[in-house]
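Attaching a predicted model along with its sequence, questions to come.
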Amino acid sequence: MPIRAVVWDIDDTIFDYASADRAGMRDHLRAEALLGETGSAGSAESAEQALVRWREITEAQWLRFAAGEATFEDQRRERVRVFLGRGLTDAEADAWFKRYVAHYEAAWKLFPDTLPVLDLLATDYRHAVLSNSSVHNQDRKLRVLGVRDRFEALLCAAELGVSKPAAEAFHAACDALALPPGEVAYVGDQPDIDARGADEAGLAGIWLDRGGHGGRPDLVRITGLDQLPGLLRGNTRFGAPSTFG
């Protein structure tokens, strides 16, 4: 069955979320005069330690959101409370996070290979987005980055009520395109949440392993988006799991 559409993850797939998050948080901590003062016990902390801790807290709270244990807004507030080690009100946590977001958005960038590959695939494949975020958040991001019009549909966990890797999330994206899962490829940076989840839902899952970690022979893997057109155009459902790079 030929691949007729590509559904995309956003963060750390087409958009360099990790770099923007690090740069934004570093600038935010400087503006808040928190470097050297963060930590629940008030211990001195380097910028690098603070950034690592913010990332760990973010990942933990995203897992709670994905499991349905917190709303999108609540996971943001809890990230702030845990990071600062203080029992802030919702309004206080929201205000702190809003100030961080201003710095984070100033660092937004697409990966260098994103636009060239979207251009190469534009005439041969339909495109949509499935993200474990919110439509409000990701629609604005894609518009600011200048690529929202590249995608027919944008679906997100906050509105769907289900998150990747649940099959229902992937099937919702297929339904939005009016295509069966067997005619849809899914590209994302997470081997289990994205590629394996897509495979188990009947799509053609593709792991974008930008870091070259490897170690998952069960998955179709690419190390850059420049490898995607050749993979799709030679598809035959990709045959055996393929590894590039």
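Arrived safely, thanks for sending.

So for the longest helix anywhere in the chain, what gets flagged as buried?
Under DSSP state H, the helix in the chain containing the largest number of residues is helix 47-66. The neighbour-count check on helix 47-66 (16 or more other CB atoms under 10 Å) flags 47, 50-51, 54, 57-58, 61-62, 65-66 as buried. C-beta: built from backbone N, CA, C; applies to glycine.

Tabulate these (TSV), appending distance to Q75 and pLDDT.
Formatted as TSV, the buried residues of helix 47-66 follow (distance: CB to CB, whole Å; pLDDT from 0 to 100):
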residue	distance to Q75	pLDDT
A47	24	78
A50	19	86
L51	19	87
W54	13	90
I57	10	95
T58	9	90
Q61	4	93
W62	6	82
F65	4	85
A66	9	78
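
now, the most widely separated pair of those residues?
The largest separation in those, counting by CB to CB, is between A47 and A66 at 28.5 Å.

Give the pairing partners of the helix or strand in which G205 is found; include direction for each.
When secondary structure is defined by DSSP states H and E, G205 falls within strand 204-208. Strand 204-208 sits in its sheet next to strand 184-188 (parallel), strand 220-222 (parallel), going by DSSP bridges.

Output the contacting helices and strands for the next helix or strand after the last one.
In this case it means strand 220-222. Next along the chain after strand 220-222, taking DSSP H and E as the criterion, comes helix 228-233. Using 3 or more CB pairs under 8 Å, 6 or more residues apart in numbering; DSSP states H and E, the elements in contact with helix 228-233 are helix 114-121, strand 220-222.

doesn't Q138 make contact with F15?
No. The pair F15 / Q138 is not scored as a contact, 9.2 Å apart, by CB atoms under 8 Å.

Determine the number of other residues adjacent to the closest residue to E73 other than its chain neighbours.
Using CB to CB, 6 or more residues apart in numbering and skipping residues adjacent in sequence, the residue nearest E73 is D94, 7.7 Å away. For D94, the neighbour count with other CB atoms under 10 Å is 15.

Would you quantify the distance from D94 to A102?
13 Å (CB to CB, to the nearest Å).

cool, and A60?
For A60, the distance to A102 - CB to CB - is 24 Å.

can you check H171 too?
36 Å.

hang on, A176 packs against H127?
No. Judged on CB under 8 Å, A176 makes no contact with H127 at a distance of 11.3 Å.

Between the two, which contacts overlap?
Common contacts of A176 and H127, defined by CB atoms under 8 Å, 6 or more residues apart in numbering, comprise E152.

can you pull the alpha-carbon coordinates of the lowest-mean-pLDDT helix or strand in the chain into CSV?
Least confident helix or strand of the chain, by mean pLDDT, DSSP states H and E, is helix 47-66 with a mean of 88. The C-alpha trace of helix 47-66 is given here as CSV (Å, rounded to 0.1, in the frame of the first residue of the first chain):
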residue,chain,number,x,y,z
ALA,A,47,23.2,27.7,34.9
GLU,A,48,23.8,24.3,33.5
GLN,A,49,22.5,22.5,36.6
ALA,A,50,19.4,24.7,36.5
LEU,A,51,18.8,24.0,32.8
VAL,A,52,19.1,20.2,33.3
ARG,A,53,16.8,20.3,36.3
TRP,A,54,14.2,22.3,34.3
ARG,A,55,14.3,19.8,31.5
GLU,A,56,13.9,16.9,33.9
ILE,A,57,10.9,18.6,35.6
THR,A,58,9.4,19.3,32.2
GLU,A,59,9.7,15.7,31.1
ALA,A,60,8.1,14.5,34.4
GLN,A,61,5.2,16.8,34.1
TRP,A,62,4.6,16.0,30.5
LEU,A,63,4.3,12.4,31.4
ARG,A,64,1.6,13.3,33.9
PHE,A,65,-0.2,15.3,31.2
ALA,A,66,0.1,12.4,28.7
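
Cheers, nothing more for now.
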